[in-house]
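Peer 1: how would this look folded up:
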Amino acid sequence: MADTVKATTPAKTTSTDLATTGSAGPLVTNEGRTSIADAVVSKIAGIATREVSGVHDLGGNTARAVGALRDRIPGSGTNLSQGVNVEVGERQAAVDVDLIAEYGVSIAELAAGVRRNVIGSIERMTGLEVTEVNITVLDVHLEGDALADSSESRVE
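Peer 2: Okay, the predicted model is just below:
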């Protein structure tokens, strides 16, 4: 019986592979280093927070007022990282989120859901370990709140 040798080649990783495996892989390898900007992690955290039911908005009054003005300017988009601050290192990230909760929602459950979604999204998309997600609930939104829900201008 002759010995047979199988040639093995490293599998090429594609973006589809990463999406299905749920792992971004190491950011520092023998082939080089991948740096992820704070703005990227902040945007991921902002989107992940908004996906959680019971979150009305992100940011404090000033940030939301500036955001409302920005939304009225043609061609400008929503600031997805509003109300989110991050610290990003080579392998870890820490996140602070300021949010407005919907009235009637359990704030403890809301915070747990936001943490779970933010950590999962950042770790899956970037490969960074999220060390903490600090959440500050700044206000509670009441349905029919005239000041918060007013989208019409009072002047022409």
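
Peer 1: from here on, contacts and neighbour counts on C-alpha atoms
Peer 2: Noted.

Peer 1: and the helices in the protein?
Peer 2: Secondary structure of the chain by DSSP state H: the helices cover 15-21, 38-50, 61-72, 107-126, 146-149.

Peer 1: could you check how far Ala39 is from Ile107?
Peer 2: Distance, Ala39 to Ile107, using Cα to Cα, to the nearest Å: 27 Å.

Peer 1: again, but for Val114
Peer 2: With the distance defined as Cα to Cα, Val114 ends up 10 Å from Ile107.

Peer 1: neighbours of Thr131, how many?
Peer 2: 11 (other Cα atoms under 10 Å).

Peer 1: contacting residues around it?
Peer 2: 92-94 (Cα atoms under 8 Å, 6 or more residues apart in numbering).

Peer 1: which residues does Lys43 contact?
Peer 2: 80-81.

Peer 1: if we can go back for a sec, neighbour count: Val114 and Ile107, which is higher?
Peer 2: Between Val114 and Ile107, Val114 has the larger neighbour count (other Cα under 10 Å), namely 26 against 16.
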